[in-house]
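Undergrad: The sequence isn't on hand, but the structure is:
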Ligand SMILES: Nc1ncnc2c1ncn2[C@@H]1O[C@H](COP(=O)(O)OS(=O)(=O)O)[C@@H](OP(=O)(O)O)[C@H]1O
């Protein structure tokens, strides 16, 4: 019990260190007669650990944090009462320990608006957002508005993570799913009102954003968007085209083998179109003919011709409407990428280092405050070992296009030039 109380103090301190208006109070220890260590070793049940939002909804935050705990073996092995107490009061580490606390329930004071985000309550069950009551929506001027900005590229460059990160900004309202609205002419013809009806609610001052990373390479989307939202801002995150192709290949094989949504990408009806996807049993076979020449028409590769795609879009929107980010920056310094977006969209500065923590086991930054959020399990799949000569051949193929793209957008990317030892 003594241990539980001391852990409670730590948790309280951790939250307070992050917000002035923290109203979070410890409600009660969940497991009264176990030590923290015992409870940490117990397989977690959803019902064992949750956070209540203002409206009394369970939030998945602690559940997610527990997932993290399983990854942090060094912490588990070094854990004991004294080390916990000793190190837990260090400022930056305190909140990490908070992530590992499973043995209590927090409740949020009803007067706190810590978990309100725009027209929603954030972080209700399974991370879903819950719309505010109707009267409140009216009072705040909430409505479904068409996007003012779109994350329009590129598939497998970290767009989901970017969207998840952006969703924390108080001045944006992000569509939780890819709308793919511009992909289909018949849908796009239904116009702005239809587009808006698919978007999340936003406050008058918020920027509504959707992310569909396929837009960049589907050229008809440019015309469809221009007709509806001629001043739309367009953001793309771009990774090394060789790495991207491998990631896309892994994704397609997974889709194919599991026959899940998206299988149409491999459907034979597309086989005569150029470009189209081809994912054979190995990556090498997918991108090279038996004689060793490159299948340039394969969407796995065509998508990485950023110069070609960006140039096409420039016929529809002025250069200042585009922001191209380097995926490696998002991986290594998410705040830098997000600040670039804030500047581009004219948003106030919100993102800072203490919002993120580096998840060692995933190898990526995740959000740790105000709610834990990390990439879903479908991301970060292991990549196959690709023949080094094939990698080199693809790098040689892409490099001239990478350079042309850099000139076009006046920016150097970490993958613009492949050095001798470039690791894909
Ligand atoms: N936090 C973080 N920072 C930077 N990059 C990250 C992060 N999380 C995931 N990833 C990488 O994103 C890859 C998936 O990209 P997308 O989300 O664009 O995929 S998708 O097009 O929506 O399917 C995914 O590719 P794979 O590793 O091939 O799965 C990850 O490498």
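TA: Noted; the coordinates are in hand. Values in this document were obtained by computation on a predicted structure and should not be read as measured data.
Undergrad: from here on, contacts and neighbour counts on C-alpha atoms
TA: Noted.
Undergrad: in the sheet, who's paired with residue 324?
TA: residue 236 (DSSP bridges).
Undergrad: That one and the ligand: what is the separation?
TA: Residue 324 is 14 Å from the ligand, where distance means C-alpha to the nearest ligand atom, to the nearest Å.
Undergrad: In this structure that residue contacts residue 236, no?
TA: Yes - counting by C-alpha atoms under 8 Å, residue 324 touches residue 236, with 4.9 Å between them.
Undergrad: neighbour-wise, which of these two wins?
TA: Legend: neighbour count by other C-alpha atoms under 10 Å for residue 324 and residue 236, higher for residue 236 (27 against 21).
Undergrad: what about the longest helix in the chain?
TA: Using DSSP state H to define each element, the chain has its longest helix at helix 388-409.
Undergrad: what's it packed up against?
TA: Secondary-structure packing of helix 388-409 (3 or more C-alpha pairs under 8 Å, 6 or more residues apart in numbering; DSSP states H and E): helix 241-258, helix 306-314.
Undergrad: which of the residues in the longest one are buried?
TA: Spelled out, that is helix 241-258. By 16 or more other C-alpha atoms under 10 Å, the buried positions in helix 241-258 come out as 241-253, 255-256.
Undergrad: so what does that helix touch, helix or strand wise?
TA: Under the contact definition 3+ C-alpha pairs under 8 Å, 6+ apart, helix 241-258 sits against helix 299-302, helix 388-409.
Undergrad: if we look at the ligand, which of the buried residues of helix 241-258 are close to it?
TA: The residues of those that also fall near the ligand, by C-alpha under 6 Å from any ligand atom, are residue 247.
Undergrad: that older thread, of all the helices and strands packed on helix 241-258, which one is nearest the ligand?
TA: Closest approach to the ligand among the helices and strands packed on helix 241-258 is made by helix 299-302 (12.0 Å; C-alpha to the nearest ligand atom).
Undergrad: model confidence over that closest one, on average?
TA: Helix 299-302 shows an average pLDDT of 97 in the prediction.
Undergrad: touching the ligand at all, it?
TA: No - against the ligand, helix 299-302 shows no contacts by C-alpha under 6 Å from any ligand atom, the least distance being 12.0 Å.
Undergrad: all strands of the stretch 251-400 of the chain, in order?
TA: For the stretch 251-400 of the chain, the strands defined by DSSP state E, counting those that start in this stretch cover 322-326, 356-359, 364-367.
Undergrad: so which of the ones you listed gets nearest residue 388?
TA: Evaluated over the strands of the stretch 251-400 of the chain, closeness to residue 388 peaks at strand 322-326, with 23.6 Å, by C-alpha to C-alpha.
Undergrad: Give me the packing partners of the closest one, helices and strands only.
TA: Secondary-structure packing of strand 322-326 (3+ C-alpha pairs under 8 Å, 6+ apart): strand 233-238, helix 334-345.
Undergrad: Out of those, the one nearest the ligand is which?
TA: It's helix 334-345; of the helices and strands packed on strand 322-326, that one is closest to the ligand (C-alpha to the nearest ligand atom) at 7.3 Å.
Undergrad: and the angle from that closest one to strand 233-238?
TA: Put simply, helix 334-345 runs at 150 degrees to strand 233-238, going by axes from the mean of the first three to the mean of the last three C-alpha atoms, to 10 degrees.
Undergrad: What is helix 334-345 packed up against?
TA: Applying 3+ C-alpha pairs under 8 Å, 6+ apart, we find helix 334-345 packed against strand 322-326, helix 327-332.
Undergrad: List, one by one, the residues from the stretch 201-350 of the chain near the ligand.
TA: 247, 330, 331.
Undergrad: Of the residues you listed, just say which sits nearest to residue 117.
TA: Distances from residue 117 to those, taken by C-alpha to C-alpha, are shortest for residue 330, at 23.4 Å.
Undergrad: Surely the closest one touches residue 337?
TA: Yes - at 5.7 Å, residue 330 and residue 337 qualify as touching, with contact defined as C-alpha under 8 Å.
Undergrad: Grab the nearest non-local neighbour of residue 362.
TA: Nearest residue to residue 362 in three dimensions, chain neighbours excluded: residue 380, at 7.4 Å (C-alpha to C-alpha, 6 or more residues apart in numbering).
Undergrad: roughly how far apart are the one you found and residue 396?
TA: Using C-alpha to C-alpha, to the nearest Å, residue 380 is found at 26 Å from residue 396.
Undergrad: quick one: low-confidence ranges for the stretch 301-424 of the chain?
TA: Applying pLDDT under 70 to the stretch 301-424 of the chain flags the ranges 370-372, 376-379, 420-424.
Undergrad: burial count for the residue in the stretch 251-400 of the chain that the ligand sits nearest to?
TA: Of all residues in the stretch 251-400 of the chain, residue 380 sits closest to the ligand, at 3.2 Å by C-alpha to the nearest ligand atom. Look at residue 380: counted by other C-alpha under 10 Å, it has 14 neighbours.
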